[in-house]
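Q: how would this look folded up:
(2 chains)
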2 protein chains.
Amino acid sequence: MSSRITPLSGFPEWLPSQRLIEQEILGRVQRTFELYGFAPLETRAVEPLDQLLRKGETSKEVYVLRRLQAGEGDDAATNDELGLHFDLTVPFARFVLENAGKLQFPFRRYQIQKVWRGERPQEGRYREFYQADIDIVDRDTLPAHYEAEIPLVIGDALGGLPIPPVRIQVNNRKVLEGFYRGLGIESTEDVLRQVDKLDKIGPAKVAEALTGQGLSAAQAEKVLALAEIQAPDSGFADRIKQLGITDPLLDEGIEELVRVVDTAVAEKPGLVVADLRIARGLDYYTGTVYETLLEGYERFGSISSGGRYDNLATSGRDVFPGVGISIGVTRLLAILFGRDALTASRAVPTCVLVAVNSEEERPRSVAAAAALRRNGIPTEVAPSAAKFGKQIRYAERRGIPFVWFPGERDSVKDIRSGEQTDADATTWAPPREDLRPIVTGAV
Amino acid sequence: MSSRITPLSGFPEWLPSQRLIEQEILGRVQRTFELYGFAPLETRAVEPLDQLLRKGETSKEVYVLRRLQAGEGDDAATNDELGLHFDLTVPFARFVLENAGKLQFPFRRYQIQKVWRGERPQEGRYREFYQADIDIVDRDTLPAHYEAEIPLVIGDALGGLPIPPVRIQVNNRKVLEGFYRGLGIESTEDVLRQVDKLDKIGPAKVAEALTGQGLSAAQAEKVLALAEIQAPDSGFADRIKQLGITDPLLDEGIEELVRVVDTAVAEKPGLVVADLRIARGLDYYTGTVYETLLEGYERFGSISSGGRYDNLATSGRDVFPGVGISIGVTRLLAILFGRDALTASRAVPTCVLVAVNSEEERPRSVAAAAALRRNGIPTEVAPSAAKFGKQIRYAERRGIPFVWFPGERDSVKDIRSGEQTDADATTWAPPREDLRPIVTGAV
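A: As a prediction, this is how the structure comes out:
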């Protein structure tokens, strides 16, 4: 292997010191998901192309697979054309339909995997990236209280990380659609699509687009007035009612959104804000929708989005409504890595380097290392019986805090302080904070 | 999503109860790798096709990618054709060359990822599967003692799992090539290829093939006599010498193999056996080679293979020799799942289900669940304020051991024994063994 070796644009790769941080972040997110009783799931990386293309918007981003040396009619006979999944929701919906008979409903699962999109790469947009998803699906109906649980999980998952605080913006599709209907608007989807552009083009241009679509100036004004409402508590409900629009779907949506906000205020004050401009594009959401901003990094957009859906997984008479959210882990890490806002205390797991007196005595060092490992202490043996100064530099360059010297009596040296003490490999333990690399944020 | 939903042959997917076992296995393997100071690495899933095709044997198995809606000349201009990696060694070698300036050598890394091969699926052969790899690479030269370390790591990694015991078969390419050269054979690769078939076609047919290749009957006899040698200790060396062949490369190989076996005998007696028939096909190995059998499942072949290589990563004057081994995790799990030889104590992480007295009182249950989670106890809240009998059945069906009842004084019921006691959510803790699902083997 010696020809052109260059990074591939859109396929980020971390150095081990960064991968160590990524693992720590993914591990903590996973543990929080498990604390809420979500069961683990991993689906295959590929789906039949026709399944992937059902969600039209992303079809241009799909990577299609072919076997390099597939025989004539080979794949065609055994399976349809395959593509790499571009999110974890489509594979999850397929998995639920395929395994409905073997699952217990409501089914709570988390799924942390890479996904692939053939997009033009730019900061925050990748062709390969990690998503960390949770979803709760039920058969036939799904109680609305699950929509209030999702922000609590994400608040714990992201709040437990060494990153800036997050704010989850919530809205409800029923509020928007009910309000638009109450205003006498028929093509609510077209309005949604314009409102979704508010942050990008501003209210004046959105108003223009709305009237261009046939709305009256008064209708456009009301649409924008709704989008301006923000509140950290259920106060948003009165402000909507002051706009004087009534509709049964609007009332239902307000009730659901009040519940989401009230639950968050009771459990995690400051985490959630009702923001009536959040629309989540043209997706398949039918109730609560979520977007999540990182304090100080708002301009990078949402790092965790999702919502309630009712029609994603249907098979004959069976319907599986659900609610879910996805954390864009690679995007989050790339933003923070780019600003040196996350660091690990060392680049290797190793806590102790066992020195080697001479190659003949290497078995003694190997035995000392084995004893330390039996007590759960990550340990390496030095690569050669070089001068101790050189062996110590091996540890220094990697941030390994301790060097162990086998001898008549063994001793261990903290190479940061230079302090050296006699020690027994079967009983010695490092200070707790030195056992594993520690990941900290610059916040 | 409602059209044909069927499993894809060769792309195994586990139910959550099985994925939970897979995670436990992968987590334990990872922790062992870290105990030995291997740093984490994850490479992108794709490599340029020309890099993947350098290893000719597997080229027919590569999955090639194309963007469904790539513009004219679009990809050609920005990057070459891409394929999914079929192992973790080729991407690792590329990563080392690409990042040599940022890495510390010797570089110890582990890598646990899915790989893809477009093979015809059959038991133990998949199109998507997990590999768990470790490698140690150095610049210019790599000391042979690392070849003795690899079996200790694998012994700990697999020995710590709830699976049958393993036996690592070791050999050394220098022994084989030196021996063949000492016998006056020139095309040692052709001989290796025949010896590799011993288990499949037996010694008579191999002897026939060897003489067909131009070896004398005496040469073929010696080749087979070498392949018959097996020993749990360095006794193999004398048995080779008794065959009366001398060659400097043979002597070097014997010395290295003695070291591998002696180290294992000292640290983990019974783990390693020198087996002079192990050849590892036509791969790029130049020193020690490893194969690993699972006791009682020998007919499924090696579950962990690797070896020493000197020419995998070279760039101009820089050479990075290495030694590594790969655990075929999916294959191992599929074998054991197929025989119900691995089970989890429950299918969900949840330890406690908090009952709901009435929908109005749900916030009280949510608060109790939050208190339990703050103490690290995986907890769910019941889906509805149904009769308690129905709520308890929700827990039973999932194997959740405890149901929590909010009340004037809260109480908690062990639904296995039926025992119910008063409890405080801020201080109660389950027995340690109930906190998380426990994975056990049928061994």
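Q: what about the helices in chain A?
A: Counting by DSSP state H, chain A has helices at residues A:16-35, A:49-52, A:74-78, A:89-99, A:145-159, A:173-182, A:188-195, A:198-212, A:217-227, A:236-241, A:248-267, A:329-338, A:362-374, A:388-398.
Q: need these in CSV with distance to chain B and mean pLDDT, can you?
A: Using the backbone N, CA and C atoms, a C-beta is placed for each residue, glycine as well. Listed next are these as CSV, based on distance: least, Cβ to the nearest Cβ, whole Å; pLDDT from 0 to 100:
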stretch, distance to chain B, mean pLDDT
helix A:16-35, 4, 97
helix A:49-52, 6, 88
helix A:74-78, 7, 46
helix A:89-99, 5, 94
helix A:145-159, 6, 97
helix A:173-182, 19, 96
helix A:188-195, 20, 91
helix A:198-212, 24, 94
helix A:217-227, 28, 97
helix A:236-241, 18, 97
helix A:248-267, 6, 97
helix A:329-338, 11, 91
helix A:362-374, 5, 97
helix A:388-398, 5, 97
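Q: In a markdown table: these, plus mean neighbour count.
A: Output for those, formatted as a markdown table (neighbours: other Cβ atoms under 10 Å in any protein chain shown):
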| stretch | mean neighbour count |
| --- | --- |
| helix A:16-35 | 21 |
| helix A:49-52 | 19 |
| helix A:74-78 | 12 |
| helix A:89-99 | 22 |
| helix A:145-159 | 23 |
| helix A:173-182 | 23 |
| helix A:188-195 | 18 |
| helix A:198-212 | 14 |
| helix A:217-227 | 18 |
| helix A:236-241 | 18 |
| helix A:248-267 | 20 |
| helix A:329-338 | 20 |
| helix A:362-374 | 20 |
| helix A:388-398 | 16 |
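Q: Those helices into JSON lines, with extra columns for distance to residue B:322?
A: Putting the helices of chain A into JSON lines (distance: least, Cβ to Cβ, whole Å) gives the following:
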{"stretch": "helix A:16-35", "distance to residue B:322": "15"}
{"stretch": "helix A:49-52", "distance to residue B:322": "38"}
{"stretch": "helix A:74-78", "distance to residue B:322": "35"}
{"stretch": "helix A:89-99", "distance to residue B:322": "35"}
{"stretch": "helix A:145-159", "distance to residue B:322": "38"}
{"stretch": "helix A:173-182", "distance to residue B:322": "54"}
{"stretch": "helix A:188-195", "distance to residue B:322": "54"}
{"stretch": "helix A:198-212", "distance to residue B:322": "50"}
{"stretch": "helix A:217-227", "distance to residue B:322": "58"}
{"stretch": "helix A:236-241", "distance to residue B:322": "60"}
{"stretch": "helix A:248-267", "distance to residue B:322": "51"}
{"stretch": "helix A:329-338", "distance to residue B:322": "27"}
{"stretch": "helix A:362-374", "distance to residue B:322": "20"}
{"stretch": "helix A:388-398", "distance to residue B:322": "18"}
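Q: Tell me how far the residue sitting nearest the centre point of chain A lies from residue A:283.
A: Nearest residue to the geometric centre of chain A (Cα atoms, centre = their mean): residue A:327, 2.3 Å. Residue A:327 sits 17 Å away from residue A:283, going by Cβ to Cβ, to the nearest Å.
Q: Kindly report the same for residue A:417.
A: Distance of residue A:417 to residue A:283, computed by Cβ to Cβ: 56 Å.
Q: Comparing those two, which residue is more hemmed in?
A: Comparing residue A:417 with residue A:283 by neighbour count (other Cβ atoms under 10 Å in any protein chain shown), the higher total belongs to residue A:283, at 18 against 8.
Q: need the contact list for that one.
A: By Cβ atoms under 8 Å, 6 or more residues apart in numbering or on different chains, the contact list for residue A:283 reads residue A:307.
Q: what's the distance between it and chain B?
A: As judged by Cβ to the nearest Cβ, to the nearest Å, residue A:283 and chain B stand 14 Å apart.
Q: Can you check the pLDDT for that residue?
A: The model reports residue A:283 with a pLDDT of 72.
Q: again with residue A:443
A: 54.
Q: who's in contact with residue A:299?
A: The neighbourhood of residue A:299, defined by Cβ under 8 Å, 6+ apart, contains no residues.
Q: roughly how far apart are it and residue A:119?
A: For residue A:299, the distance to residue A:119 - Cβ to Cβ - is 19 Å.
Q: what does residue A:360 give?
A: 58 Å.
Q: Compare those two (neighbour count), which wins?
A: Between residue A:360 and residue A:119, counted using other Cβ under 10 Å, the more crowded position is residue A:119 (15 against 9).
Q: The more buried one: what's it in contact with?
A: A:10, A:61, A:125, A:126, A:127.
Q: Need the per-residue pLDDT for it.
A: On the pLDDT scale, residue A:119 gets 83.
Q: try the one 4 residues further on
A: Reading off the per-residue confidence, residue A:123 sits at a pLDDT of 72.
Q: beta partners of the residue nearest to the centre of chain A?
A: residue A:132, residue A:304 (DSSP bridges).
Q: what is the rounded mean pLDDT of stretch A:425-432?
A: Stretch A:425-432 shows a mean pLDDT of 98.
Q: Would you mark the buried spots in that stretch?
A: The neighbour-count check on stretch A:425-432 (16 or more other Cβ atoms under 10 Å in any protein chain shown) flags A:425, A:428, A:430 as buried.
Q: quick one: the nearest residue to residue A:47 once chain neighbours are set aside from residue A:425, how far?
A: Spatial nearest neighbour of residue A:47, chain neighbours left out: residue A:85 (5.4 Å); criterion: Cβ to Cβ, 6 or more residues apart in numbering or on different chains. For residue A:85, the distance to residue A:425 equals 48 Å [Cβ to Cβ].
Q: Equivalent analysis for residue A:48, please.
A: For residue A:48, the distance to residue A:425 (Cβ to Cβ) stands at 56 Å.
Q: Residue of the stretch 101-250 of chain A nearest chain B, please.
A: For the stretch 101-250 of chain A and chain B, the shortest gap (Cβ to the nearest Cβ) falls at residue A:118, measuring 3.7 Å.
Q: and the residue nearest to that residue when sequence neighbours are not counted, how many neighbours?
A: Nearest residue to residue A:118, sequence neighbours excluded (Cβ to Cβ, 6+ apart): residue B:67, at 3.7 Å. Around residue B:67 there are 18 other residues, counting by other Cβ under 10 Å.
Q: partner residues bridging residue B:67?
A: residue A:63.
Q: Next one, pLDDT for it please.
A: Predicted confidence (pLDDT) for residue B:67: 87.
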